[in-house]
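Colleague: here is a sequence together with a model predicted from it:
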Protein chains: 2
Amino acid sequence: MQPENKHTISVLVSNHFGVLAKVSGMFSARGFNINSLCVGETENPEVSRMTVVVRGDHSVLAQLIQQLNKLVDVIEIQDLTQESFVERELVMIKVNAGQEQRGAVIEVASIFRAKIVDVGQHCMTIEVTGAEGKIRACIDMMRAFGIAELVRSGEIAISRAAK
Amino acid sequence: MQPENKHTISVLVSNHFGVLAKVSGMFSARGFNINSLCVGETENPEVSRMTVVVRGDHSVLAQLIQQLNKLVDVIEIQDLTQESFVERELVMIKVNAGQEQRGAVIEVASIFRAKIVDVGQHCMTIEVTGAEGKIRACIDMMRAFGIAELVRSGEIAISRAAK
């Protein structure tokens, strides 16, 4: 399901100063441009999980993963692309929509099971979650109304139950 | 609505190598531990938006924002905490739940308008979005089943229509 050279990397790190800068610096030093990155706390407040999406050469990435593994603050690192996983992204889209367009925006939103999270005289904000393809389709449809602002969380991923 | 010293910073950056490491490095150099961070593309593929949540002193943060503003790759930076905004986070939670617990997990999920995104013989994965308080409440409820894995996107935020 993944475009050939897209990799989703999940990294468990200690919640220390500067770990994020160090890890993201190692990606850019190796010439990987980070497509998206998320960092959030886990159940253990001393541990954070980073989800990094990069596109690039598989063997260079395998080397980088080995190097990252040697960092004291890196607890665990997985290239989820190697296994079966669920990927999701959260996006908020503010579109230009006055009273006349509201119905049409709600219609499109409901098709994508998106939620309306804010409304004003001249704009509406929707929230949508999904994998890459659905998000792209939803943004494309919303473009017709005129997108005023767009915020993406970047992808998070979790391994599937059945291996 | 925000705990006293929590700040949600939205940064528009050029999509260049190393910008992420530079910006996150400046936060840690100033002693801010980043609670969560999201980076994703915007409508313009040359521009990414970072949403950074930090806790700390307001005046030190104001200085840091001035410094970040001077970076060539920083296009715009806003402390959303100063205005009215919508905050949302995406979380996936894998809980230990066999056949007997499935109904109970679905019940709790539906109360939080969470979606079941994966199921196996001994576990289920749910996806939930919301602001900090709702996410915390949902995680607390899921803890009863036993949390096997938890991935958080970190918070994204968008300013409200009505100023």
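Modeller: It's in. Numbering: from 1, shown residues only, chains lettered A, B, ... in the order given.

Colleague: quick one: the spatially most distant residue from the centre of chain A from A:Lys115, how far?
Modeller: Computed with CA atoms, centre = their mean, the residue of chain A farthest from its C-alpha average is A:Glu100, at 32.7 Å. According to CB to CB, to the nearest Å, A:Glu100 and A:Lys115 sit 21 Å apart. No exception for glycine: its C-beta is placed from N, CA and C like everyone else's.

Colleague: go on, A:Val47?
Modeller: Computed with CB to CB, the distance linking A:Val47 and A:Lys115 is 30 Å.

Colleague: for chain A, what spans make up the strands?
Modeller: A:6-14, A:34-41, A:47-55, A:74-79, A:85-96, A:115-119, A:123-130, A:147-159 (DSSP state E).

Colleague: okay, these, which one's buried deepest?
Modeller: strand A:34-41 (a mean of 24; mean count of other CB atoms under 10 Å in any protein chain shown).

Colleague: so that strand, near chain B or not?
Modeller: Yes: interface with chain B: strand A:34-41 contributes A:34-41 (CB under 8 Å from any CB of the partner chain).

Colleague: tell me the one of these nearest B:Ile65?
Modeller: Nearest to B:Ile65, judged by CB to CB, of those is A:Val39 at 19.8 Å.

Colleague: mind putting the residues of strand A:34-41 next to chain B into CSV with pLDDT?
Modeller: Formatted as CSV, those follow (pLDDT from 0 to 100):
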residue, pLDDT
A:Ile34, 87
A:Asn35, 88
A:Ser36, 91
A:Leu37, 93
A:Cys38, 94
A:Val39, 93
A:Gly40, 91
A:Glu41, 88
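
Colleague: how is chain A divided into domains?
Modeller: Following automatic domain parsing, one gets these domains for chain A: A:5-82, A:86-159.

Colleague: hey, least reliable of the ones you listed by pLDDT?
Modeller: Here the domains of chain A differ in mean pLDDT, and the lowest is domain A:5-82 at a mean of 90.

Colleague: test for you: state the pLDDT assigned to A:Met1.
Modeller: pLDDT, A:Met1: 43.

Colleague: can you pull the contacts of the nearest residue to A:Pro45 once chain neighbours are set aside?
Modeller: Closest residue to A:Pro45 apart from its sequence neighbours, by CB to CB, 6 or more residues apart in numbering or on different chains: A:Asn15 at 7.0 Å. Counting by CB atoms under 8 Å, 6 or more residues apart in numbering or on different chains, A:Asn15 touches A:41, A:45-48, B:33.

Colleague: so how far is B:Lys134 from the nearest residue to A:Ala148 once chain neighbours are set aside?
Modeller: Among residues not flanking A:Ala148 along the chain, A:Lys94 sits closest, at 4.5 Å (CB to CB, 6+ apart). Noted for A:Lys94: a distance of 21 Å to B:Lys134, by CB to CB.

Colleague: re the thing from before, which members of the residues of strand A:34-41 next to chain B are the farthest-apart pair?
Modeller: The widest separation within the residues of strand A:34-41 next to chain B (CB to CB) is 22.4 Å, between A:Asn35 and A:Glu41.

Colleague: so which of the domains of chain A gets nearest B:Arg143?
Modeller: Using CB to CB, the nearest of the domains of chain A to B:Arg143 is domain A:5-82, at 8.1 Å.

Colleague: gap between the closest one and the chain center?
Modeller: 13 Å (CA atoms, centre = their mean, to the nearest Å).

Colleague: now do the contacts for the nearest residue to A:Gln67 once chain neighbours are set aside.
Modeller: Distances taken as CB to CB, 6+ apart place A:Met26 nearest to A:Gln67, at 6.6 Å, with adjacent residues excluded. Contact analysis of A:Met26 by CB under 8 Å, 6+ apart lists A:64, A:67-68.

Colleague: A:Val128 now?
Modeller: Counted by CB under 8 Å, 6+ apart, A:Val128 has contacts A:90-91, A:93, A:109, A:112-115, A:134-135, A:138.

Colleague: state the distance from the residue nearest to A:Gln78 when sequence neighbours are not counted to A:Cys123.
Modeller: Leaving aside its sequence neighbours, A:Gln78 sits nearest to A:Ser10 (CB to CB, 6+ apart; 4.8 Å). Noted for A:Ser10: a distance of 35 Å to A:Cys123, by CB to CB.

Colleague: so the residue nearest to A:Ala148 makes contact with A:Ile147?
Modeller: Yes: because the distance of 7.2 Å satisfies CB atoms under 8 Å, A:Lys94 is recorded as touching A:Ile147.

Colleague: pretty sure the residue nearest to A:Gln78 is touching A:Thr51, no?
Modeller: Yes: proximity of A:Ser10 to A:Thr51 meets the contact threshold set by CB under 8 Å, at 5.6 Å.

Colleague: which outside residues touch stretch A:96-109?
Modeller: A:95, A:114-116, A:119, A:121-124, A:126, A:128, A:138, A:141-142, A:145-148.

Colleague: what is the neighbour count of A:Gly146?
Modeller: Per other CB atoms under 10 Å in any protein chain shown, the neighbour tally for A:Gly146 reads 12.
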